[in-house]
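pasting the structure only:
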């Protein structure tokens, strides 16, 4: 295999095109792409890693190319896409540094990476709702991790092979080996056992070839990549609100409900971090009047809690937090008498968002979407919520692990609490967020015992607590840290 990165006289502005599968490489070459520019890495994380280890002195730009599965129904088979954002299994976002430099006439979208083929339309819909991604593959997030660690100049260009509403056989995973070559004997054996699979494979082969032809035509317009600049090596973790992908896609609102009694630093830090990772443009803080699960312990007066939350957000903004993400406080629950049921709140908020979106609400690609931010303790008790399945459909949850729970330990608990298909979705919805275990209960207990809770509260919130004599008149503390 050629080693174009090792030669001292090789022009550094010619990108290497890396395909996970050998049949992808052959199709691109057959369609006119220079064979010396295209290499095969093999499928999945290990394929990308092995290829990277064979190129320890890579200086040229490198572009991951090949087929992807569609998650956005507006993307038909054969549509070429450029990754403007990459989302990994933990919800972390990465922006490829060469998005603009590629100069391709193709939509810039978010791409997700799965551990296995996402084969059914139902699974694709679930992943789309969980990640707000337009396409899925098996390599992009792994490629992004390695590229970032080795300081590559990199990008990702894919073409939709199977559309969002199209099912593909899960047997496809077994049809390629670890270096991306087609295992013809395995294919023949599978067809022998399942003759009905033959016309399906013929159709997929024709569709893939046509899609790869479209990809080759687009890649043929690639312009030379300029030499590395400081912009190329800028941090690639980004706020999605500033990328082309989010400008073209739907508006996603993160809904964060709770009593906020009182609002502490973790409420702000974790909610804005979750919004950043998920590409949400806005956070709606939803203070509850009375939680249905806490009616035996009524919270502080709603107006006081709203005032504390306003002060906390204002202080967070003033200290530079939450840039690029809008936020507001909704009074839907505090102004509604009686217990606050989240399904009622979400339905009302969704109507508000649709009205605000105007004409965009008629376009499925830009229709407002919601995600519901909850703690892992709430996730494990989610079946106790009124119309919880309707909540999942309307605003798929985003879960923050609360110590001692971790993303790994929660996966096992989800399998105990939910059906298999839903348990896997809960794992996808769980973010690997750095939590410190702070809760409003902890803050109240400290204040009630006259202990210092200063490091847990914004100074603006402490001022209100002290002025109102809340929580037993305890000390708010004097620290401005955190």
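Received, thanks. What you see is a predicted model, and the numbers here were worked out from it, not measured in a lab.

all helices for the stretch 101-250 of the chain, in order.
Along the stretch 101-250 of the chain, counting by DSSP state H, counting those that start in this stretch, helices occupy 121-131, 140-149, 184-193, 197-219, 244-248.

and of those, who's closest to residue 335?
Nearest to residue 335 among the helices of the stretch 101-250 of the chain is helix 121-131 (29.1 Å), distances taken as C-beta to C-beta. In short, each C-beta sits where N, CA and C put it, glycine included.

which parts of that closest one are buried?
Across helix 121-131, burial judged by 16 or more other C-beta atoms under 10 Å covers 121, 123-124, 126-131.

for residue 386, which non-adjacent residue is spatially closest?
When the adjacent residues along the chain are set aside, residue 386 lies closest to residue 341, with 4.8 Å between them (C-beta to C-beta, 6 or more residues apart in numbering).

got the confidence number for the one you found?
In this prediction, residue 341 carries a pLDDT score of 89.

now do the one 4 residues further on
Reading off the confidence values, residue 345 has pLDDT 95.

show me what contacts it?
Contact partners of residue 345, counting by C-beta atoms under 8 Å, 6 or more residues apart in numbering, are 255, 257, 286, 332-333.

gap between the two ends of stretch 158-174?
Across stretch 158-174, the terminal residues are separated by 22 Å (C-alpha to C-alpha, to the nearest Å).

next one: it to chain centre, how far?
21 Å (C-alpha atoms, centre = their mean, to the nearest Å).

could you do stretch 63-81 as well?
Centroid separation between stretch 63-81 and its chain, computed with C-alpha atoms, centre = their mean, is 17 Å.

can you offset everything so residue one is 49?
Understood, numbering begins at 49; the last thing we discussed is stretch 111-129.

residue 322: neighbour count?
Residue 322 has 21 neighbouring residues, counting by other C-beta atoms under 10 Å.

list the contacts for it?
If you count contacts by C-beta under 8 Å, 6+ apart, residue 322 has them with 139, 302, 328, 421, 446, 448, 479, 481.

before we move on, the earlier item: can you convert the contacts of residue 393 into a markdown table and add a column each for pLDDT and distance to residue 353?
As requested, these are arranged in a markdown table below (pLDDT from 0 to 100; distance: C-beta to C-beta, whole Å):
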| residue | pLDDT | distance to residue 353 |
| --- | --- | --- |
| 303 | 97 | 17 |
| 305 | 94 | 12 |
| 334 | 96 | 12 |
| 380 | 95 | 14 |
| 381 | 93 | 11 |
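
neighbour count and secondary structure added to those, as CSV?
What follows is these, written out as CSV (neighbours: other C-beta atoms under 10 Å; DSSP: H, G, I helix; E, B strand; the rest coil):
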residue, neighbour count, secondary structure
303, 26, strand
305, 22, strand
334, 23, strand
380, 20, coil
381, 24, coil
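
about what we covered before: which of the helices of the stretch 149-298 of the chain sits most buried?
For the helices of the stretch 149-298 of the chain, the stretch with the most neighbours on average is helix 188-197, a mean of 22; neighbours defined as mean count of other C-beta atoms under 10 Å.

rewinding a little: now for the buried residues of helix 169-179: which two are most distant?
Between any two of the buried residues of helix 169-179, the greatest separation by C-beta to C-beta is 15.9 Å, found for 169 and 179.

residue 95 is nearest to which of the helices of the stretch 149-298 of the chain?
Distances from residue 95 to each of those were compared using C-beta to C-beta; the shortest belongs to helix 188-197, at 8.6 Å.

other SSEs contacting that closest one?
Contact analysis of helix 188-197 by 3 or more C-beta pairs under 8 Å, 6 or more residues apart in numbering; DSSP states H and E lists helix 92-101, strand 110-118, strand 128-135, strand 141-142, strand 156-161, strand 202-210 as its packing neighbours.

taking strand 156-161 as reference, get the angle to it.
Taking axes from the mean of the first three to the mean of the last three C-alpha atoms, to 10 degrees, one finds helix 188-197 and strand 156-161 inclined to each other by 100 degrees.

quick check: angle from helix 188-197 to strand 110-118?
What separates the directions of helix 188-197 and strand 110-118 is an angle of 160 degrees, with the same axes, to 10 degrees.

can you list the domains in the chain?
Partitioning the chain according to automatic domain parsing yields domains covering residues 64-267, 298-521.

where does the prediction get shaky in the stretch 49-198 of the chain?
Residue ranges of the stretch 49-198 of the chain with pLDDT under 70: 49-61.

same thing but 80
Across the stretch 49-198 of the chain, the ranges flagged by pLDDT under 80 are 49-62, 137-139, 148.

now whichever strand or helix holds residue 438: buried residues?
Assigning secondary structure by DSSP states H and E places residue 438 in helix 436-442. By neighbour count, with 16+ other C-beta under 10 Å as the criterion, the buried positions of helix 436-442 are 439-440, 442.

what is the most widely separated pair among the contacts of residue 393?
That would be 303 and 381, which, of the contacts of residue 393, are the farthest apart (C-beta to C-beta) at 10.9 Å.

need the residues touching each of those two.
Common neighbours of residue 303 and residue 381 (criterion: C-beta under 8 Å, 6+ apart): 334, 393.

now, which of the buried residues of helix 436-442 sits nearest residue 376?
Proximity to residue 376 was ranked across the buried residues of helix 436-442 by C-beta to C-beta; first place goes to residue 442, at 19.2 Å.

gap between the closest one and residue 425?
Here the criterion is C-beta to C-beta, to the nearest Å. By it, residue 442 lies 22 Å from residue 425.

low-confidence stretches in the stretch 249-398 of the chain?
Applying pLDDT under 80 to the stretch 249-398 of the chain flags the ranges 271-299, 325, 327, 338-347, 386-387.

what about 90?
Applying pLDDT under 90 to the stretch 249-398 of the chain flags the ranges 268-300, 313-314, 321-329, 337-349, 366-372, 384-389.

what segments of it are strands?
Remark: strands of the stretch 249-398 of the chain, listed N- to C-terminal, are 300-306, 330-335, 374-377; assignment by DSSP state E, counting those that start in this stretch.

possible to save those strands as a markdown table with distance to residue 491?
Converted to a markdown table, the strands of the stretch 249-398 of the chain look like this (distance: least, C-beta to C-beta, whole Å):
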| stretch | distance to residue 491 |
| --- | --- |
| strand 300-306 | 13 |
| strand 330-335 | 16 |
| strand 374-377 | 19 |
